[in-house]
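Participant: Provided below are the primary sequence and the corresponding predicted coordinates.
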Amino acid sequence: MSTSKHGSLLTLDARTKKRNAAEKRFRAYGLGAIGIAVAALTMLLVSIIANGASSFRQTYISFPVTISAEEIEAAESALLKTGAYNKIIQTGLLAYLSERDLLQDTPEADAFGMISGEAGSTFRKFILANPQAAGTTFQLDLLANGRIDGYYKGRVTAETAVLDKNVTPLQLELADRLAADGALVKQFNFDFFTNPDASDQRPEAAGLGVAILGSLYMMAVVLCLALPIGVAASIYLEEFAKKNWITDIIEVNIANLAAVPSIVYGILGLAIFINFAEFNQSSPLVGGLVLTLMTLPTIIISTRASLKSIPPSIRDAALGVGASKMQSVFHHVLPLAAPGILTGTIIGLAQALGETAPLLLIGMVAFVKEYPAAYSDTAGLFGEAATALPVQVFNWTQRSDPAFVERASGAIITLLIFLLMMNALAIFLRKKFERRW
Amino acid sequence: MTDYKISAKGVQVYYGDNHAIKDVDVQIEDKTVTAFIGPSGCGKSTFLRTLNRMNDTIDICRVEGDIRIDGEDIYDPAVDPVQLRAKVGMVFQKPNPFPKSIYDNVAYGPKIHGLARNKSDLDEIVEKSLRKAALWNEAKDRLDAPGTGLSGGQQQRLCIARAIATAPEVLLMDEPCSALDPIATAQVEELIDELRQSYSVVIVTHSMQQAARVSQKTAFFHLGNLVEYGETDKIFTNPEDPRTESYISGRIG
C-alpha cells in the first residue's frame, strides 16, 4: 500500500500520461515522414523503371545478305552511299521473304519500311570495318523501325496502326510472321550506350554514346580543376589564414555561392568562357569549367568541415616535435582528412554530373552526331561539341515520338546508375579510410 | 647566471584583452625537475607554452618580456619556432600519438629534423628513445602496430619517447599524468626522475603530491602571478607566502 506523497508508482499520473502521449505522437509523425519519403522514392523508381526498362532491349530484324566487291565499289562511288547500301539490304530482305514465303499480300515498300532508316549507314560501317565480307553471304542484325519496336513494347497496336501514317496493320502482321520465323528478335540494346543521338524519325537508333562521353570529359575537367583548387583554398582558409573580417566575408560568400541557382553559373560561363575567352560552344571544356565553378563551394565547404574535424591535439603533437605549420598540415592533418575530402569531392562530382540548366546556356543541348575527341588539333583539349547525360534526357523528352519517352527514361536510369555508383564509392572510401581516435 | 637553462624576466601574456600572465620572473636550472603548481586558470600552462612558443599558434595571444634559453632570446625575430621546438620538446596533457605505427610516431621528429642519415641510424634512435621512455620492452615486438592501440599510460610514454627522439635539451610536460591511472602515473613519474639526468624538465601538475615527489624546484602560480618559487621541500614545508600555504593545505584552489 503506497502512501508516499508521490502516490503509487504502479499508476501513471496525469503528467506522465501526457508526456508519454506526446512522445508517441512524435514517433508517429517521424514514421509518417519516413513513410512519405519512401513512398515518393518508390513511385519515382517504379515510374522510371516501368517507362525506361524496355529501352535496354531493342527489336532487331535478322536475315542473310549477300554483297559482292563490285556492289561495294559501286555503292562507295554513289552520291548517296547509304542509299545504295539500303538497296542491297532491301534486295536481301526481299530474297529472304520470298524464300520463306512471308511477304504474302504486304506491299514491298511496307516490308522495307520495317527496317530502321539507320540501317544503310549501319550496314556501310559494318562493310567498311569487315572488307573480307565481300562476295559472301552473312547474317545481318538490323534495327527494326521504332513503330515495330513499339509494337513489341505495347506502344503500338493494330488499332493505333490504322490511324498512324508511319505504320500499317499489314506491317504488324508481317512482323508477327517474321517473329514466328525467328527473324525478328529482341536483344540487349548495346547500341543504346554507344550510338550517338538520332533524328526525330529514328528513335530506335538514338543512343547515349555522345552524352556519356561528354559527361565523362566534363567530369575529368571538374576533377582536375575543382579538387586541387578547392582543397588548396580550404587548407589555406582553415589552417593558414588569420581569422579576421576578410576571412569571415570570404566564408559567408562561399556558403552563399553554394546556394546560387546553377543556371546563373551557366550565364556566367556563357559570358566569360564563350563570349570573352572564346572557347568553343557546346564543348565539354566549357561545360567542365562551368561545373567546376558550381562544384567548388561544395568541395571547399566539405573539405573545411573535414579539416575542422581533425582534433587539434594532432596539430599540437606535430608542432610540439618541431614540425613546421606546413609539415603538420601535409604530414598529419591532410591524410586524416582525406576520406572526408574524397567523399565531399565525389558528392560534388555527382551533383555536377546531374546538372542540366547551366549546360543548356552554353549550347550543350545541340544535336551532336559525331563522337567528340578528347583532343583535336583544331578544337584543342575537350574542345569538340558534345552533349551530357541530363541534357540528353531533357532533349529527348521534348520530342514528339513516344519512343523517345522510353529513351529518356532509359537515359535517366543510366544516369541514376552512374550516380549510385559514385555515391557507393564515396561510402566505401569513407568506411575504408575512416580512423578513430 | 649561466647555470640557468631558462631565464624569464618580466613576462606578460595577453589573450586579447585578458591579461593571463602578469610580470613573471623565473630561473630554471638544467638537469632539474621544476614543477608549476596552482589552481585551474592560474596561467601555469600558458606560461609553460611560452617556453617553446606554442602560443604562437593562437592568433589572439601576445607575449611580452624576455625569455632566454642558454642566454638566447627565444622571441627574437631571428628565431624560427620550429628550431626552438626541436630544442624544447613538449608532452601534452592528453596522450596524443599520431594515428600511425609506434615506430613512425617516434621516427617522425628525427626524420623531419634530419637527425638520421640512414635507416639503421633511425632504428637506433627509435630504440634508444623507446628505452629511455621505458616502453621498449612492451613495444619492441609491435613497432608496426598503431600507436593509438596502446593503453593510456603506454600512449603517454610513447609521446615522451617521441619528444625525446629529437634530442631536446628541455622537456616541457603539461599535466602529463592527468589522464592516467595511478599505476601508469607511477611509471611516468619514475621516468621523469630518470629523464632529469639528461634534460631540464618543466612539469605542470594539479597534483601537489606529484610535484612533491618528482620535482626539486616548485613554482606556485595564482591568478597569473608567480607567487612563490623555490626549493620544493621549502615550498611544501615552510612556504613564505600565505597564499601558497592556503593552497597546499587545501584552503584555496
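Facilitator: Good, I have the coordinates.
Participant: what residues does chain B put near chain A?
Facilitator: B:52, B:54, B:57, B:59, B:82-86, B:89-92, B:94, B:96-99, B:108-109, B:112-113, B:148, B:159, B:162-163, B:165-166 (C-beta under 8 Å from any C-beta of the partner chain). Quick note: C-beta positions are derived from backbone N, CA and C, even for glycine.
Participant: Give me the subset of those lying in helices.
Facilitator: B:82-86, B:108-109, B:112-113, B:159, B:162-163, B:165 (DSSP state H).
Participant: Let me know whether A:Lys153 touches A:Val405 as I believe.
Facilitator: No - A:Lys153 lies out of contact with A:Val405 (C-beta atoms under 8 Å); the separation is 11.1 Å.
Participant: what's the longest strand in chain A?
Facilitator: When chain A is parsed with DSSP state E, its longest strand is strand A:57-67.
Participant: contacting residues around that strand?
Facilitator: A:88-89, A:92-93, A:96, A:114-115, A:123, A:127, A:133-144, A:148-149, A:152, A:178, A:183-189, A:191-192, A:204 (C-beta atoms under 8 Å, 6 or more residues apart in numbering or on different chains).
Participant: tally of neighbours for residue 40?
Facilitator: Let's take chain A. When neighbours are defined as other C-beta atoms under 10 Å in any protein chain shown, A:Ala40 has 10 of them.
Participant: please go with chain B instead
Facilitator: 8.
Participant: Let's verify the closest residue to it other than its chain neighbours: helix, strand, or coil?
Facilitator: Sequence neighbours aside, B:His206 is the residue nearest to B:Ser40 in space, at 7.6 Å (criterion: C-beta to C-beta, 6 or more residues apart in numbering or on different chains). Put simply, B:His206 is coil when judged by DSSP: H, G, I helix; E, B strand; the rest coil.
Participant: Would you map out the domains in chain A?
Facilitator: A:58-189, A:209-433 (automatic domain parsing).
Participant: most packed of those?
Facilitator: Highest mean neighbour count among the domains of chain A (mean count of other C-beta atoms under 10 Å in any protein chain shown): domain A:209-433, with a mean of 19.
Participant: Would you point out which residue is most central in chain B?
Facilitator: B:Leu172 (1.5 Å; C-alpha atoms, centre = their mean).
Participant: what separates that residue from A:Phe138, distance-wise?
Facilitator: 85 Å (C-beta to C-beta, to the nearest Å).
Participant: circling back to that earlier point, listing partners with orientation, what would you give for the longest strand of chain A?
Facilitator: According to DSSP bridges, strand A:57-67 forms sheet pairs with strand A:136-143 (antiparallel), strand A:184-188 (antiparallel).
Participant: Do you know the pLDDT at residue 130?
Facilitator: In the absence of a named chain, this looks at chain A. We have a pLDDT of 87 for A:Asn130.
Participant: my question was about chain B
Facilitator: 93.
Participant: would you say it is within a helix?
Facilitator: Yes - when classified by three-state DSSP, B:Leu130 is found to be part of a helix.
Participant: Give me the number of neighbouring residues for it.
Facilitator: B:Leu130, neighbours per other C-beta under 10 Å, totals 27.
Participant: Would you quantify the distance from it to B:Ala161?
Facilitator: From B:Leu130 to B:Ala161 the distance is 5 Å (C-beta to C-beta).
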